[in-house]
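*Asks:* below are the sequence and a predicted model for it; my questions follow.
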Amino acid sequence: MNRVLIKNAKIVNEGVIFEGDVLIENDLIVEISESISAKSSQCVIIDAEGNYLMPGVIDDQVHFRDPGLTYKGDIESESRAAVAGGITSFIEQPNTVPNAVTQEILEEKYQLAAEKSYANYSFMMGATNDNLEEVLKTNPKNVAGIKIFLGSSTGNMLVDNEVTLEKIFSSTSMLIAVHCEDEATIKSNLEKYKAEYGEDVPVTVHHLIRSEEACYISSSRAIALAKKTGARLHVFHLSTAKEMDLFTNKIPLEQKKITAEVCIHHLWFTNDDYATKGNLIKWNPAVKTANDRKVLWEALLDGRIDVIATDHAPHTLEEKKQPYLKAPAGGPLVQHAVVAMFESFHQGKISIEKIVEKMCHNPAKIFKIEKRGFIREGYYADLVIVNSGLPWSVKKENIFAKCGWSPFEGFTFKSRITHTFVNGQLVYNAFKVKNIRPGKRLLFDRE
């Protein structure tokens, strides 16, 4: 039997922080109490020394590049980076090669993860203009949801047929996650800047090409369609102040049919950072203005935005060093997401309880994930210990992502992940990932 006792922790769970101990047996949390004694000499005791113990983070949007793009990253390398960052479960997107747009290809990804993943995993089924039959075969019990790209990004999976979209929205009760950017607006903006700069368009106008208007047109249409059809819609990586008016905090999360996500980079960077970071912070949707960031924070804190995720999407440094028009969008974020949010805690922007709500509890609620996202007896022991006063600097040699770079390189974080448990197994400790792969397929409590 695997038996682990975590002692003297500041346990962060369901809106409160309390001091106590947690006992793990095999893959489950079996006891939470003020004080638990080790009832067996076989019990491994870990003294949390007054550090924070939080549920493992559930990242609802990653691109781990497996299969077909594994020179950028793969399930093994990126899930290692995830557990080093306190992320114990991930939901991966379908724009790999081949695109996950048939049940057979989707299931092949699950088989890859079963062999390679350090973290728990699920994969989105991808929608196209002509695969509705395949989409409707998706099993709601063991697949996270349906992903639709309403703007083209990495992997050419744009769905722009209005009839198809309405059919998908009206035919499934599964969660539909959307990437919202209006293609026509982006193309028009791009032509305008090409007329001005030729092929030497600077990255500093990325947020004007993939503009506020491009985002708003697309997200407002998706929301209107969801309201018309009654679909369960989750809008990924919101980036603009204007879009915040589309979401509500007037009803509890469990009753929302339309939910919202923001990503670390849109909470951290602004368009002013393009001057120094260049293509390293080229994402789709683009990092926007300081005012957009400010309003995203307000919406996150007041409940219009429900989830914080990463949209982890690695590319090689060589690809990123190409001119703006050729450089791909996306970057590695799973390893530094939690400590970046703790940085915001140190700055007084957000409480640790709220970080846990948005990164652990709410993804579990939104996707109806079985027995994860909370520190509860009978739940899987996905747990993370964070020392909020142990600074460390991001350097090439401590980056786990296969691409070997980070937009945070050179930054010193005040907080450090010291331990990560996945299904009761200590996978990560003190900058080392153990060579064990305890990740399991996520299951969902749905009809």
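*Replies:* All right, it came through fine.
*Asks:* only C-alpha atoms for contact and neighbour calcs from this point on.
*Replies:* Will do.
*Asks:* which other residues reach stretch 311-329?
*Replies:* Stretch 311-329 is touched from outside by 61-65, 71-73, 153-154, 199-203, 237, 263, 279-284, 330-334, 401, 403-405, with contacts defined as C-alpha atoms under 8 Å, 6 or more residues apart in numbering.
*Asks:* all helices of the protein, in order?
*Replies:* Across the chain, reading from the start of the chain, the helices by DSSP state H fall at 75-84, 103-116, 132-135, 162-171, 183-197, 206-209, 212-229, 264-268, 274-277, 290-302, 317-320, 337-346, 352-356, 362-367.
*Asks:* can you spell out which helices and strands pack onto the last one?
*Replies:* Helix 362-367 sits against strand 57-62, with contacts defined as 3 or more C-alpha pairs under 8 Å, 6 or more residues apart in numbering; DSSP states H and E.
*Asks:* specify the angle between the strand it packs on and helix 75-84 in degrees.
*Replies:* 140 degrees (axes from the mean of the first three to the mean of the last three C-alpha atoms, to 10 degrees).
*Asks:* hey, what's the angle from strand 57-62 to helix 337-346? Just curious.
*Replies:* With the same axes, to 10 degrees as the basis, strand 57-62 and helix 337-346 are set at 120 degrees to each other.
*Asks:* any idea of the mean pLDDT in strand 57-62?
*Replies:* Along strand 57-62, the predicted local confidence has a mean pLDDT of 98.
*Asks:* in terms of secondary structure, what does it contact?
*Replies:* Using 3+ C-alpha pairs under 8 Å, 6+ apart as the contact criterion, the neighbours of strand 57-62 among helices and strands are strand 87-92, strand 307-309, helix 362-367.
*Asks:* can I get those in a markdown table with mean neighbour count, mean pLDDT and distance to residue 7?
*Replies:* A markdown table is the format used below for those (neighbours: other C-alpha atoms under 10 Å; pLDDT from 0 to 100; distance: least, C-alpha to C-alpha, whole Å):
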| stretch | mean neighbour count | mean pLDDT | distance to residue 7 |
| --- | --- | --- | --- |
| strand 87-92 | 28 | 99 | 21 |
| strand 307-309 | 28 | 98 | 29 |
| helix 362-367 | 20 | 98 | 26 |
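*Asks:* how far does stretch 302-317 sit from the chain's center?
*Replies:* On the basis of C-alpha atoms, centre = their mean, to the nearest Å, the separation between the geometric centre of stretch 302-317 and that of its chain is 5 Å.
*Asks:* all further residue positions should be reported with the first residue as 113.
*Replies:* Okay, residue one is now 113; in that scheme the one you just asked about reads as stretch 414-429.
*Asks:* for that stretch, buried residues please.
*Replies:* Of the residues in stretch 414-429, those scored as buried under the neighbour-count criterion (16 or more other C-alpha atoms under 10 Å) are 415-429.
*Asks:* so which of those comes closest to residue 164?
*Replies:* Using C-alpha to C-alpha, residue 420 comes nearest to residue 164 of the buried residues of stretch 414-429, at 19.0 Å.
*Asks:* you'd agree the closest one is up against residue 377?
*Replies:* No. Shown here, residue 420 and residue 377 do not form a contact pair, counting by C-alpha atoms under 8 Å, at 10.2 Å.
*Asks:* so which of the helices and strands packed on strand 169-174 is nearest residue 122?
*Replies:* With C-alpha to C-alpha as the yardstick, what comes closest out of the helices and strands packed on strand 169-174 is strand 199-204 (18.7 Å).
*Asks:* so what's residue 507 closest to, chain neighbours aside?
*Replies:* The spatial neighbour of residue 507 that comes closest, neighbours along the chain excluded (C-alpha to C-alpha, 6 or more residues apart in numbering), is residue 521 at 5.6 Å.
*Asks:* list the contacts of the one you found.
*Replies:* By C-alpha under 8 Å, 6+ apart, residue 521 lies in contact with 505-508.
*Asks:* mind redoing it with 10 Å?
*Replies:* Contacts for residue 521 were tallied using C-alpha atoms under 10 Å, 6 or more residues apart in numbering; they are 505-508, 510-511.
*Asks:* of those, buried ones?
*Replies:* So, of the contacts of residue 521, 506, 510-511 end up buried under the neighbour-count rule (16+ other C-alpha under 10 Å).
*Asks:* from those, which is closest to residue 221?
*Replies:* When the buried ones among the contacts of residue 521 are compared for distance to residue 221 (C-alpha to C-alpha), residue 511 comes out closest, at 24.8 Å.
*Asks:* follow-up on the earlier one: make CSV out of the buried ones among the contacts of residue 521 and add distance to residue 404 and pLDDT.
*Replies:* Formatted as CSV, the entries for the buried ones among the contacts of residue 521 read as follows, by distance: C-alpha to C-alpha, whole Å; pLDDT from 0 to 100:
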residue, distance to residue 404, pLDDT
506, 27, 98
510, 32, 97
511, 29, 98
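*Asks:* got these as TSV, with distance to residue 271 columns?
*Replies:* Written out in TSV, the entries for those read as follows (distance: C-alpha to C-alpha, whole Å):
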residue	distance to residue 271
506	38
510	39
511	35
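*Asks:* give me the below-cutoff pLDDT ranges for the stretch 163-312 of the chain.
*Replies:* Regions of the stretch 163-312 of the chain meeting the criterion pLDDT under 70 cover residues 263-268.
*Asks:* I'd say residue 500 and residue 456 touch.
*Replies:* No. Using C-alpha atoms under 10 Å as the test, residue 500 is too far from residue 456 to be in contact (11.5 Å).
*Asks:* the nearest residue to residue 531 once chain neighbours are set aside: neighbouring residues, count only.
*Replies:* Distance criterion C-alpha to C-alpha, 6+ apart; nearest residue to residue 531, sequence neighbours excluded, is residue 541 at 4.6 Å. Look at residue 541: counted by other C-alpha atoms under 10 Å, it has 16 neighbours.
*Asks:* show me what contacts residue 541?
*Replies:* Under the criterion of C-alpha under 10 Å, 6+ apart, the contact list for residue 541 reads 195-196, 497, 529-533.
*Asks:* closest to residue 259 among the residues you listed?
*Replies:* When the contacts of residue 541 are ranked by distance to residue 259 (C-alpha to C-alpha), residue 195 comes first, at 24.2 Å.
*Asks:* contacting residues for that closest one?
*Replies:* 168-169, 201, 230-232, 446-447, 496, 512, 529, 531-534, 539-541, 545.
*Asks:* repeat that for residue 201.
*Replies:* For residue 201, counting by C-alpha under 10 Å, 6+ apart, the contacting residues are 168-172, 191, 194-195, 229-234, 472, 476, 484-485, 494, 534, 551-554.
*Asks:* measure it to residue 446 for me?
*Replies:* Summarising the geometry, the distance separating residue 201 from residue 446, computed by C-alpha to C-alpha, to the nearest Å, is 11 Å.
*Asks:* common neighbours of these two, please.
*Replies:* With C-alpha under 10 Å, 6+ apart applied, the overlap between the contact sets of residue 201 and residue 446 consists of 171, 191, 194-195.
*Asks:* count of neighbours near residue 453?
*Replies:* One way to gauge burial is a neighbour count; for residue 453, by other C-alpha under 10 Å, it gives 23.
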